[in-house]
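Engineer: What would the 3D arrangement of this be:
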Amino acid sequence: MGKPKKFEEALVELEEIVRKMECAELSLNDSLEAFEAGIGLARYCRQKLDEAERKVQILLQDEKGQLKPEPFEVDESDHGK
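Structural biologist: Model (predicted):
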């Protein structure tokens, strides 16, 4: 199984592996293979999230290289729709 090109693709694939494992439809050997693939995808996703976090931190640095805290506002009107 090759690594997906996008974070979202990896996440969907990881969710599918979890669903299959939760349904107990797999043999022990297949479960171990799925677990191994899932670990690889989880590491890939963590790496992509870490990269995104570093990019955001760089973008938020001021001219002196210090991080500038920026408020993060969530639009509550979007929830529950």
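Engineer: Strands of this protein, start to end?
Structural biologist: For the chain, applying DSSP state E gives no strands.
Engineer: can you pull out the helices in it?
Structural biologist: Along the chain, counting by DSSP state H, helices occupy 7-22, 28-59.
Engineer: What angle do helix 7-22 and the longest one make with each other?
Structural biologist: Translated: helix 28-59. 150 degrees (axes from the mean of the first three to the mean of the last three CA atoms, to 10 degrees).
Engineer: Renumber starting at 584 from here on
Structural biologist: In the new count, where the first residue is 584, that last one comes out as helix 611-642.
Engineer: Show me what helix 611-642 is packed up against.
Structural biologist: Helix 611-642 sits against helix 590-605, with contacts defined as 3 or more CB pairs under 8 Å, 6 or more residues apart in numbering; DSSP states H and E. C-beta: built from backbone N, CA, C; applies to glycine.
Engineer: From the contact counts, what lies against the helix it packs on?
Structural biologist: Judged by 3+ CB pairs under 8 Å, 6+ apart, the packing partners of helix 590-605 are helix 611-642.
Engineer: what residue ranges in this structure score low on pLDDT?
Structural biologist: Within the chain, the segments meeting pLDDT under 70 span 584-587, 650, 652-664.
Engineer: Just name the most buried of the helices of the chain.
Structural biologist: Highest mean neighbour count of the helices of the chain: helix 590-605, a mean of 15 (counted as mean count of other CB atoms under 10 Å).
Engineer: Which residues does that helix contact?
Structural biologist: Around helix 590-605, the neighbours that count as contacts under CB atoms under 8 Å, 6 or more residues apart in numbering are 586-587, 609, 614, 617-618, 620-621, 624-625, 627-628, 631-632.
Engineer: Pick out the most distant pair among these.
Structural biologist: 609 and 632 (27.5 Å; CB to CB).
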